[in-house]
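**Student:** What would the 3D arrangement of this be:
(chains A, B, C, D and E, ligands or ions: 4)
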Amino acid sequence: MAVIFARRVLCLFRGTAMNYWLTQLFNGFSYGALIFLLAMGLSLIFGVMQVINVTHGTYFLVGTYIGLSILTWTGNFYLAILGGGLVIALVGIFIERFFLRRLRGNDLGQVLITFGFVLLLQDAILLIWGPDPKLMGEPKSISFTAHIGSFTFPSYRLFVIVVAAAVAAGLWLFENKTKFGSAVRAAVDDVEMASGMGVNVPLVFTVVFGLGSFLAGLGGVLSGPWLGLQYGLDLEILPYAFVVVIVGGMGSLKGAILASLLVGLVDNFGKGFFPDLAYFTLFLPMAVILAVRPQGLFGRTL
Amino acid sequence: PRGDAAEKGPIRIGLLTSKTGVLAIHGTHQMAAVEAFKDKYGTTVAGRKVEFYPEDDQSKVPLGVTKVRKLITGDKVHIVMGGLFASTGYAIAPLGDQYQTPIFVWSCPDDLSQRKRYKFVVKYFSCSQPQHAMAHWLRKNKPQVKKVIIFGPDYAFGYESSGGFQKVFEDMGGQVVQKIYAPINTVDYGPYIGQFRKDAEGMFVTLAGPQALRFPKQYQQAGLRDKYVLVGNGTNTDEFALAAQGEDVLGWITAHIYGGAAYPSQDNQEFVRNFKKHLGNKDPGYYAEGYYGALVLIYKAIEAIKGDVENKAKFMEALGRTKVTEGMPGGPKVSDGYGNLNTNVYIRDVRKEASGKLYHHVLHVYENVSQFWSYRPEEFLKQAVYDKDFPPCKFCK
Amino acid sequence: MTPAEVSLAVESVSKNFGGLAAVKEVSLRVERGERRGILGPNGAGKTTLFNLIAGDLKPSAGKILLHGQDITHMPNHQRAYLGMARTFQITNLFPNMTVIDNLLLAAQALDRAKFSMFRPIQSHEHIVARAERALEQIKMGDLRDIPIKHLSYGVQRQIEVALALVEEPKVLLLDEPTAGLSPAESAEMVGLLKELDPGITILIIEHDMDVAFELTDRLTVMHEGSILADGPKDEVRNNQTVQEIYLGYG
Amino acid sequence: MIFELLRGRGRVAVAVAALVFFAVYPWFASRFMITVLVQCLIMAILAMSLDLMVGYTGMASLGHAAYFGSGAYAAAIVSVTYKASFPEALAVGLIVAVAVTAVFALVALRATGVYFLMITFALAMLIWGLAYRWNSMTGGENGIAGVQRPSFIAGTTTFYYFVLAIAAAVFVFFGVLVRSSFGRTLVGIRESESRMRTLGYNVWLHKYIVFLISGLFSGLAGVLWVFYDSLVAPPLVDLSTSFDALLMVSVGGGGTLVGAVLGAVIVKMLENLVNLVTDRWLTVVALVYITVVLLAPQGIIGLLRDLMARREMNRAALEVAGRANASAGKEGSK
Amino acid sequence: MDDRGLMLQVDDIHTYYGESYVLQGISLGVPSGTVMAVLGRNGMGKTTLIRSIIGFTKPRAGRIIFEGRDITPLRSHQIVSLGIALVPQGRRIFPSLTVRENLTLGEKPPGANGRGEAWNLDLVLDLFPRLKERLSNTGNKLSGGEQQMLAFARALMTNPRLLLLDEPTEGLAPLLVRALGDILLKLKERKLSILLVEQNLKFALQFSNHVHILNRGRVVHSSSPEALDKNHEVKARFLGV
Ligand SMILES: Nc1ncnc2c1ncn2[C@@H]1O[C@H](COP(=O)(O)OP(=O)(O)OP(=O)(O)O)[C@@H](O)[C@H]1O
Ligand SMILES: Nc1ncnc2c1ncn2[C@@H]1O[C@H](COP(=O)(O)OP(=O)(O)OP(=O)(O)O)[C@@H](O)[C@H]1O
Ligand SMILES: [Mg+2]
Ligand SMILES: [Mg+2]
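**Tutor:** Ligands and ions are numbered 1, 2, ... in the order given. Below you'll find the predicted structure:
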């Protein structure tokens, strides 16, 4: 295997190697950015509320469809991004408020019920939008192919990177400039005592869940012009988000950023160098990291 | 001796398809095709009523097996038709012999009509069948395209389609210089697109299911539109995806056993009209046509044996020597004696109507194409089945 | 009389948590049957020392000997086989199990029977007998089948101690055994501990001076990770520094 | 556990009724319904092995597809590619499943709680990645088809009885196991690892043993599945199988064994039967899951247990609580 | 404040855990600026009383009135926001929060009735210098006594007008127990009202204005601390000393 690898690398360094590396690096980065938007919400919900929200990938997909509908009505892509995020936030809040809340502390029950919602939302997609694949157009202003020297890249991917960076910055401020973060963790540690310290626990959980879902919806809409709208995409993309959350450490912003980029890059270069081991190359590093640091790169030890 | 059809009750036909999961779209198209079929041919054949038993394999191969088993043992169907993946075809075929029940594999696993034949299995076409013709057309019409990259899904369907192309293409002096197979559920094609060799002139692409949607967009975004001459499998631009694909696939050339919804033959237009009634005015593609066509063939075989489907051997034999020249949206079909059909292959490109709607324009029709192309069957069967490494990639460095 | 046998020896043991030296070069020799009190201000390192002795933490430096055997690197479950038992300062029980089930688990811990995959605990008579005896010892016969989580804090504290007693240990580490007990229950606990086999070596962390003086012979006072004073109880009580930093009669 | 509520004759009656039902089932069920029950029984073995870990020991694994799948793949490979006999395939399947478990457990046991859940998931994805991409061995996307049952269990009904016998044996084995000393120890580990450790239990070793047992029986389920279905393909080892297993445990009720069996029957029946009735089967199944969780958060057996406990012990509970108060006080000058 | 000058009034409450009937009709009042001690043996319902007031376990009958307002139907976080703080039994520090986060979590400025200087991080840390050294440790990495200090300091940070203390001296070294007593006196001067549950009889008698004894869910004795100290029969019967 090492020999094959060396041969491939050598081969790549001949000719257009520089270009190849740049392109793959950029691809990895941009895909990482998209995965970040998906995974960050999962990480929040997971790390902070200890809910394994299997519905997250489906939020992402439903968000895409809602974004498409908004785009069709209003013709405004940016409105679609926001709207998709908000509607999914509402869906998430509804599910948290009326279902998950009753099951606090019952991990398996929560997993089960979020799985129920996967099926329900999937059927909703079939009912409302049908099984036809759909494609979403991006605004002309961000849909060109940019050239820098001989290096070309789609500007839309650049746009996704910018949005992801903005979201990361926003979350950082939110976490560090408000006491919200510690209120949430307190509530997870000890619901009763947190409310005994004046934390409005139901509200806190609702906000976290809403925020996490919002990110999924937003990421979903952003993925529209890139991945297309395809019934079934939700469960295909969910493992990527899981990997990010696991490797980065649950609930950690820093971890999610780093792990997303890592996943993006490993996925890219893995598929480049070892196309036959595409998934192995994604999950093996993860297993190794976990063997050494079970809590992930930036997870809290408890 | 008591051939009274009514006494034996209805003929039960099991239909395996994917109504949920990633391939759900194909299921809806196929079920609409079944409705269109009923409109034209009714639910009585050879004096017996026909009942259809649709089953959803949820786009999962193992579940398809379970469902076929259920159709045979639970619903006691006389024949099973379906299987979306080539893999499903391979997986369900053994059940035909196990339960002594005819299975009409609607999809295209090559080997089921070549080296791995089953007594109770026939199939509609071979994956490589149209792509032999594609290669021939490309060599003849665009001889400047000499070096070609192959890109396809990483399973039987991908290997067999591109294997057929490679075989004929190289036999006619072309060179395949790179072969890349991506898992069917690949989400981001960036890593693959980044690897395409710059020194090639053309690409042969096969896309299955959801790939047809994501790949063209990402290919276009990478700025490769005008870099390569792109030819490929008819599934790339099948009508189910065509509307969503938009301009990204304009000009793509593909080969398939169906000429497309716009193909002006009378049989086809009637099929398209009927189909549209059942699916919100949408165009049928090959997934619908194949399902429909297979049912036509099954009816013909039932008629040929006067409805005596309980006699399985006779029924199998009838299926194995069908010859239909009329009523088929994809043109005449003739059994080749190996459990497969000789068929028309259409070379189409994607064009745009004034209204902006995309459609297939047929550039050329190869008639009565055998799964063995112009090779002698005995010779052909001596080589291995088309696979990831066969034909070997002589010109890849 | 033969020279007293050393039951537990701690030889310049240290434990660092990051930058903090929670235990600094602590040495102790506890004789067989001795009742040793460990005192010291909050955060002095008493519980940490217990964690080191019991094996819940590994020392950064130093050696620990039990009956002369080096146990520094021995996992804690093996120390239990050598006769060591402990209680936790912060109650650590099996909350969803009943009182008797808690005791049964303790009773079979050192028995080969625990690996028996085909016989229920209840069928091992000697184990059941041990558990029932412990139940009697703490006089909780009528709480037998109540799940732990339904009991008040003080009662849970008593069971915490009972669990360590079931194993009939040779060396017993008690981390604030009377904390949270009412004066009445506290007195009972003292009575119970006093009645234990005099051959058992006991180390007790206590903040209740009355209890400490009643139960122990010698006192060790820790301060900021080190041993500040060590000696017969009256001597230590009158130690000037101990009074200043711990007792607060200045 | 439900058996613990039904004492003496009640327990025997339920067991006999279940046995009679399973024994005569093939007489009145169609061939199809028999195969559905075969699926249920095989999955019940998987669910029980998972319950041993999740319900009893408190180790929630989201990766049992790996052990199920490695047993299945190993058996399929040796029996199709190397034409091994059924006993050989069974042996190889079990050995491979245990071997994979033995290695994965070393890694997974470094973590607890949600982290454990995630590590088991990650490790299982490795096996899936291999099944999916290691074409030469596993047939990749196509999987391996054509596994043949030996003649003595070739028929649908004989195979049913064969699987029934195995499932019953596994049930009895697990039933005895969880009531044994060892089983109690597992519950203790679930409740407090650190306390178990100081009491003198080698917690790691117990967890490792449980993991191995669980892996072994998951592998057994995998081998049976291959011989039932004659096919293995990647979807059999993906997240959804691990998930299904967890579903079964939680629908029925974790830590009850009977719950795992019941859960397996319910989940598999739903999967097989609802879509015969309606095209909106996704919604129906979803609603069933959601309702079960809301009405019976501890699973169906958990719910039954609560109901029975409430009815039978209403008065007793009051009495006990009263006594608890009194004795906790140990009032006066006793 | 109600007409009798009571900051907190507990009015015949009955509290259950599931089926078990724990508080069987308890009434007591805490006047403004006093320390009211509640004594009793283990399992008598002291903690349950505190839980009922803070809203963790709602009484099935009876009322709880804080500053003239019926707080029985309110949820815990609302009750707390009115100016009540809790130092729970067993400390219940948030293990994954650092000491600083534990302290600032419920930080509040003093309400309308706040007197004197408000508690803030600096003042609280001056009170417990030990915590200052451990500010960035997470809660689970503190010694038992440090956790107890943190629990107390955490409650002060909310600048309450009523403080509920459930065995606040448990696990504290003697020196600190005294220090805590001094703090209670200071708080009293600031007109803070305190409901103190204690096992440490000496401490309770020394620092309280009034004592109640709970036995099997009922108040069985109620007097000044001095009177109780002399009443050996009651002490022997209900406290076992
Ligand atoms: N896991 C840990 N990580 C970092 N610091 C720790 C850890 N455990 C304890 N400490 C610190 O080590 C010091 C000693 O703690 P220890 O629990 O031994 O004190 P102690 O003497 O038992 O006090 P107390 O009487 O309050 O129980 C304390 O300052 C504590 O904060
Ligand atoms: N969660 C619970 N479920 C059922 N019963 C409980 C629960 N918590 C406490 N009890 C019971 O309620 C009674 C009163 O308990 P409570 O904790 O109020 O006592 P306490 O006076 O605070 O005792 P301690 O001094 O030991 O803390 C006890 O008999 C106890 O067993
Ligand atoms: Mg301590
Ligand atoms: Mg209490």
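**Student:** and the gap between residue D:59 and residue A:286?
**Tutor:** Counting by Cβ to Cβ, to the nearest Å, the gap from residue D:59 to residue A:286 is 20 Å. No exception for glycine: its C-beta is placed from N, CA and C like everyone else's.
**Student:** Residue of chain E closest to ligand 4, please.
**Tutor:** Residue nearest to ligand 4 within chain E (Cβ to the ion): residue E:47, separated by 3.1 Å.
**Student:** what about the closest residue to residue D:127 other than its chain neighbours, helix or strand, and which?
**Tutor:** Computed as Cβ to Cβ, 6 or more residues apart in numbering or on different chains, the closest residue to residue D:127 that is not its neighbour in sequence is residue D:66, at 4.2 Å. Assigned by DSSP states H and E, residue D:66 falls within helix D:64-76.
**Student:** Residue C:62 too?
**Tutor:** strand C:61-66.
**Student:** Contacts for that strand next, please.
**Tutor:** If you take Cβ atoms under 8 Å, 6 or more residues apart in numbering or on different chains as the criterion, strand C:61-66 is touched by C:6-14, C:25-26, C:52-53, C:70-72, C:79, C:82-84, C:171.
**Student:** What segments of the chain are strands?
**Tutor:** Using chain A. Using DSSP state E, the strands assigned to chain A run over residues A:145-148, A:151-154.
**Student:** My question was about chain C, not that one.
**Tutor:** Remark: strands assigned in chain C by DSSP E are C:6-17, C:20-31, C:35-39, C:61-66, C:69-70, C:84-86, C:171-175, C:201-205, C:218-223, C:226-232.
**Student:** Which pLDDT value belongs to residue A:287?
**Tutor:** Looking at residue A:287, its pLDDT stands at 79.
**Student:** That one and residue D:126 touch, don't they?
**Tutor:** Yes: with contact defined as Cβ atoms under 8 Å, residue A:287 reaches residue D:126; the gap is 5.9 Å.
**Student:** The residue nearest to the spatial centre of chain D is in what secondary structure piece?
**Tutor:** A centroid search over chain D (Cα atoms, centre = their mean) returns residue D:47, at 1.2 Å, as the residue closest to the centre. Using DSSP H and E, residue D:47 falls within helix D:31-51.
**Student:** Averaged pLDDT, that helix. What do you get?
**Tutor:** Rounded mean pLDDT across helix D:31-51 is 93.
**Student:** Briefly note if that helix comes near chain B.
**Tutor:** Yes: under the criterion of Cβ under 8 Å from any Cβ of the partner chain, helix D:31-51 makes contact with chain B via D:31-33, D:35-36, D:39.
**Student:** Run through the helices of the chain in chain order.
**Tutor:** Using chain A. Here chain A has its helices, by DSSP state H, at A:2-13, A:17-43, A:49, A:56-74, A:77-98, A:107-128, A:155-177, A:180-189, A:191-196, A:201-227, A:233-248, A:253-273, A:278-292.
**Student:** try chain C instead
**Tutor:** Using DSSP H, helices in chain C cover C:46-54, C:76-81, C:99-108, C:125-137, C:153-166, C:183-194, C:209-215, C:233-237, C:240-242.
**Student:** returning to that earlier point: so which of the strands of chain A is the most surrounded?
**Tutor:** strand A:151-154 (a mean of 20; mean count of other Cβ atoms under 10 Å in any protein chain shown).
**Student:** Can you list the neighbours in contact with it?
**Tutor:** By Cβ under 8 Å, 6+ apart, strand A:151-154 touches A:19, A:22-23, A:26, A:143, A:145-146, B:221-223.
**Student:** What average pLDDT does it get?
**Tutor:** Average pLDDT, strand A:151-154: 75.
**Student:** Relative to that strand, what are the paired strands and their orientations?
**Tutor:** Next to strand A:151-154 in the sheet, as set by DSSP bridges, lie strand A:145-148 (antiparallel).
**Student:** Name the residues that touch the strand it pairs with?
**Tutor:** By Cβ under 8 Å, 6+ apart, the residues outside strand A:145-148 that reach it are A:152-155, A:158, B:221-223.
**Student:** CA atoms of it as CSV?
**Tutor:** Only the C-alpha atoms of strand A:145-148 are listed here, as CSV (Å, rounded to 0.1, in the frame of the first residue of the first chain):
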residue,chain,number,x,y,z
THR,A,145,-15.8,29.7,-12.1
ALA,A,146,-12.9,31.8,-10.8
HIS,A,147,-9.4,31.6,-12.2
ILE,A,148,-6.2,32.5,-10.4
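**Student:** Identify the residues contacting the residue nearest the centre of chain A.
**Tutor:** Residue closest to the mean C-alpha point of chain A, counted by Cα atoms, centre = their mean, is residue A:38 at 1.3 Å. Remark: with contacts taken as Cβ under 8 Å, 6+ apart, residue A:38 is in contact with A:56-57, A:60, A:215-216, A:219-220, A:237, A:240-241.
**Student:** Show me the subset of those that also lies near chain B.
**Tutor:** Restricting those to those near chain B by Cβ under 8 Å from any Cβ leaves A:237, A:240.
**Student:** I'd like the contacts of residue A:38 as CSV, with neighbour count, pLDDT and distance to residue A:175 appended.
**Tutor:** Output for the contacts of residue A:38, formatted as CSV (neighbours: other Cβ atoms under 10 Å in any protein chain shown; pLDDT from 0 to 100; distance: Cβ to Cβ, whole Å):
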residue, neighbour count, pLDDT, distance to residue A:175
A:56, 30, 93, 20
A:57, 25, 93, 24
A:60, 32, 95, 22
A:215, 31, 95, 14
A:216, 34, 95, 18
A:219, 33, 94, 19
A:220, 33, 94, 23
A:237, 25, 86, 25
A:240, 23, 87, 23
A:241, 28, 89, 20
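**Student:** Quick check: closest non-adjacent residue to residue D:62.
**Tutor:** residue D:121 (4.2 Å).
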